[in-house]
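Undergrad: Build me a structure from this.
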Amino acid sequence: MRPAKALFPFSAWMLRISMPVIAYSTFFETVKTFDFSELQFYIAAIFSLFSVFLFVGGFMAKHSMTLFSALVLLGVSLFEAFHFISKNPDPIFALFLLSAAAMLLFLSIGNKR
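TA: Okay, the predicted model is just below:
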């Protein structure tokens, strides 16, 4: 069986779209509180902002925004994954580990079309 190379652009855009959706579903309540004294607020705000930047970076010809957003999201995703595994492993750990893997993919391909 051969790989479906024609599906690559669609899958890359699905990953780009999924990042703001993950940010919204995971961090909306945290960002909505505007509690500047909590570290979790800053993590949620950074994850949400750079998820949108990753999506917007897909429309640009240069790779800069995509690569920088992917690098920041990789760091935040790994931080959150290890934060959740230290408490007890749950589906949120897997979600952040999967998003870290997607960010490694974007770091390796950039805006390849």
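Undergrad: Excluding sequence neighbours, find me the nearest residue to Val31.
TA: Closest residue to Val31 apart from its sequence neighbours, by Cβ to Cβ, 6 or more residues apart in numbering: Ala44 at 4.9 Å. Glycine gets a C-beta too; all of them are placed from N, C-alpha and C.
Undergrad: Longest helix of the chain, counting residues only.
TA: Ranked by residue count, the top helix of the chain under DSSP state H comes out as helix 8-33.
Undergrad: contact partners of the helix or strand following that one?
TA: Next in sequence after helix 8-33, counting helices and strands by DSSP states H and E, comes helix 39-57. Contacting residues not belonging to helix 39-57 are listed as 16-17, 19-20, 22-24, 26-27, 30-31, 33-35, 63-66, 68-70, 72-73, 76-77, 79-80, 106, 111 [Cβ atoms under 8 Å, 6 or more residues apart in numbering].
Undergrad: filter those to the buried ones?
TA: Using 16 or more other Cβ atoms under 10 Å as the burial test, the contacts of helix 39-57 include 16, 19-20, 22-23, 26-27, 30-31, 63, 65-66, 69-70, 72-73, 76-77, 80, 106, 111 as buried.
Undergrad: give me the low-pLDDT residue ranges for the protein?
TA: Low-confidence segments of the chain (pLDDT under 70): 86-87, 89, 113.
Undergrad: redo that, cut-off 80
TA: Filtered on pLDDT under 80, the chain yields the residue ranges 84-90, 112-113.
Undergrad: Ramachandran angles for Phe59?
TA: The phi/psi pair for Phe59 (degrees, to the nearest 10) reads phi -90, psi -10.
Undergrad: Measure how buried it is and give me the count.
TA: Using other Cβ atoms under 10 Å, Phe59 has 10 neighbouring residues.
Undergrad: quick one: the longest helix of the chain to helix 39-57, angle?
TA: Between the axes of helix 8-33 and helix 39-57, defined by axes from the mean of the first three to the mean of the last three Cα atoms, to 10 degrees, the angle is 150 degrees.
Undergrad: Can you tell me which helices and strands helix 8-33 packs against?
TA: helix 39-57, helix 91-109 (3 or more Cβ pairs under 8 Å, 6 or more residues apart in numbering; DSSP states H and E).
Undergrad: ok now it, how far from the chain's centre?
TA: Centroid separation between helix 8-33 and its chain, computed with Cα atoms, centre = their mean, to the nearest Å, is 7 Å.
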